[in-house]
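**Student:** What follows is a predicted structure for the sequence shown.
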There are 2 protein chains.
Amino acid sequence: MKRIAIDMDEVIADFIPKHLQVFNRDYHENLTVNDLMGTRLRVLRPQFHNEITAYLNDPTFFRDLEVMKDSQEVIKQLSEQFEVFITTAAMEVPSSFTAKYEWLNEHFPFLDDMNFVFCGDKSIINADYLIDDHVKHFQRFRGQGILFTSPHNINETGYVRVNNWLEVREYFLR
Amino acid sequence: MKRIAIDMDEVIADFIPKHLQVFNRDYHENLTVNDLMGTRLRVLRPQFHNEITAYLNDPTFFRDLEVMKDSQEVIKQLSEQFEVFITTAAMEVPSSFTAKYEWLNEHFPFLDDMNFVFCGDKSIINADYLIDDHVKHFQRFRGQGILFTSPHNINETGYVRVNNWLEVREYFLR
């Protein structure tokens, strides 16, 4: 059985709307996802770099992120034909461990928590496919990287790309 | 550069003395490591199975475990010639995430926390070697399993075995 490893933030967990919402609220701005095309909030507002990254240190930040559209149904389908692992670089935000674990159990109860992986360097992942929004994780990955479109990566080229979960289904279950 | 994955409990973190200490204290017993040869505390005292496993749900339980003798020096040496990852089945005890992360940073500060992996099923680990006290993790591991002696595994045969960290050094740096 082939194995698919799947990232969390910006792949199954909709990180950006929440991040924009708290930033807009605190700094009286009206930034939207469109403002982030090809960039990052911390690059767009470098004067608030520390504050923008500090939001993530709130242990509850990741607990109430929205689920990415169609990800639940498609992953449920995939898990019938593939081994599915969730592989998130949680070591980058250690305060997020519990929130991420609870979030996965709430929204993906059909996955075995023995298939959750909190790591940093994803070259440690032994899988046939890795669906991720960060191209850095593909450099030393031994399987096939699949770039999940996110505003910050729209200008990346040279990777297999999927724009949404229906395209993931099309890729694996065509 | 070859990669070594290393388990935590009973490999670099001395789990058993603490577990015995709290059990002996609460149940007025005087069990020692010798009583656990070839077995487990929960098997030896099945009437307290739930209580014995419940100790681990205390979020601080794993925070003050002793470091296994010689593990720091040997891993420091190994990390000069190998990529070293710490791979622990923390998903089995989700309340332990923070304690395990802090413990690693305290006792192995020379390791990059991007090389820490909290997982469940260790077949997800992409490494050349896995040093672990549980033979179950070797069944689907793609590299070479190395069984680290622990009371519960002394009767396991058919595996490369090391009895302590000096033997680990001998195996890799001979």
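**Tutor:** Ah, there it is.

**Student:** Can you get me the start-to-end distance on stretch A:149-168?
**Tutor:** Across stretch A:149-168, the straight-line distance between its terminal residues is 11 Å, by C-alpha to C-alpha, to the nearest Å.

**Student:** did I read that right, A:Met91 in a strand?
**Tutor:** No: with DSSP: H, G, I helix; E, B strand; the rest coil as the criterion, A:Met91 is assigned helix and is not in a strand.

**Student:** Quick check: it vs B:Glu102, distance?
**Tutor:** 13 Å (C-beta to C-beta, to the nearest Å). In this view, the C-beta of every residue, glycine as well, is placed from N, C-alpha and C.

**Student:** same question, A:Tyr101
**Tutor:** Look at A:Tyr101 and B:Glu102: by C-beta to C-beta, they are 17 Å apart.

**Student:** of these two, who's got more company?
**Tutor:** Remark: of A:Tyr101 and B:Glu102, A:Tyr101 carries more neighbours, 22 against 14, as counted by other C-beta atoms under 10 Å in any protein chain shown.

**Student:** Could I get the phi/psi values of the more buried one?
**Tutor:** According to degrees, to the nearest 10, the main-chain angles of A:Tyr101 amount to phi -60, psi -50.

**Student:** give the contact list for it.
**Tutor:** Residues counted as contacts of A:Tyr101 (C-beta atoms under 8 Å, 6 or more residues apart in numbering or on different chains) are A:113, A:116, B:91, B:94, B:97.

**Student:** rerun at 7 Å
**Tutor:** With C-beta atoms under 7 Å, 6 or more residues apart in numbering or on different chains as the criterion, the residues that contact A:Tyr101 are A:116, B:94.

**Student:** try A:Met37
**Tutor:** In this structure, A:Met37 makes contact with A:151, A:154, judged by C-beta under 7 Å, 6+ apart.

**Student:** List phi and psi for it.
**Tutor:** The phi/psi pair for A:Met37 (degrees, to the nearest 10) reads phi -60, psi 120.

**Student:** For it, give its distance to chain B.
**Tutor:** For A:Met37, the distance to chain B equals 28 Å [C-beta to the nearest C-beta, to the nearest Å].

**Student:** Model confidence at that residue, what's the number?
**Tutor:** The confidence metric pLDDT takes the value 97 at A:Met37.

**Student:** what's in contact with stretch A:1-19?
**Tutor:** Around stretch A:1-19, the neighbours that count as contacts under C-beta under 7 Å, 6+ apart are A:33, A:36, A:41, A:55, A:62, A:65-68, A:71, A:75, A:78, A:82-88, A:100, A:103, A:125, A:127-133, A:148, A:150-151.
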